[in-house]
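Student: Here is my input, please return the structure:
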Amino acid sequence: MALERFGVSMDAELLGAFDRLIGQRGFENRSEALRDLVRQALVAAAWAEDDAAVIGAVTIIYDHHQRQLVDELLDIQHDADAEIVCTTHVHLDHHHCMEVIVCRGAAKDVRGLAARLAGLRGVKHSGLTMSGGAAPLP
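Tutor: Numbers count the residues shown, from 1 in each chain. This is a model prediction of the structure:
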């Protein structure tokens, strides 16, 4: 892969803040940090396109004593338009579990799955992380 060089002009105060961020995140240099920011922006833009092929991780923390919640979680996963690749279940304490659901598909389907799971009574916290690069959809 050929590297292209370009210059960036920036206010000194903004550059100082950027350099502090680079140090906090452990980047080796400004170029690596800029590449990371560009990648993040491109992935975020792809998320906005409903048909973009993405891979995602839906993380939920829930009270497994909530009546019928486990059945509802399973029903949603079985009926999901996004393909469920795998799930990981972790017992946090006597009442709470965490589940990580790795899925892929169209961005709208992955977002829809995450929203349906997050909206269930008994789900205490949920989060979605998506990235581009999933295999193209048929």
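Student: From the contact counts, what lies against the lowest-mean-pLDDT helix or strand in the chain?
Tutor: Using mean pLDDT, DSSP states H and E, the weakest-scoring helix or strand in the chain turns out to be helix 30-48, at a mean of 84. Counting contacts by 3 or more C-beta pairs under 8 Å, 6 or more residues apart in numbering; DSSP states H and E, helix 30-48 packs against helix 12-25, helix 107-118, strand 123-132. C-betas here are computed from N, CA, C, even on glycine.
Student: mind redoing it with 7 Å?
Tutor: Contacts defined by 3 or more C-beta pairs under 7 Å, 6 or more residues apart in numbering; DSSP states H and E place helix 30-48 against strand 123-132.
Student: For the residue at minimal distance from the centre of the chain, name its beta-bridge partners.
Tutor: Computing the C-alpha centroid of the chain and ranking residues by C-alpha atoms, centre = their mean puts residue 129 first, at 0.5 Å. Beta-bridge pairing of residue 129 under DSSP bridges involves residue 57.
Student: neighbours of residue 9, just the number please.
Tutor: The number of residues packed near residue 9 is 5, by other C-beta atoms under 10 Å.
Student: pretty sure it belongs to a helix, no?
Tutor: No - going by DSSP: H, G, I helix; E, B strand; the rest coil, the assignment for residue 9 is coil, not a helix.
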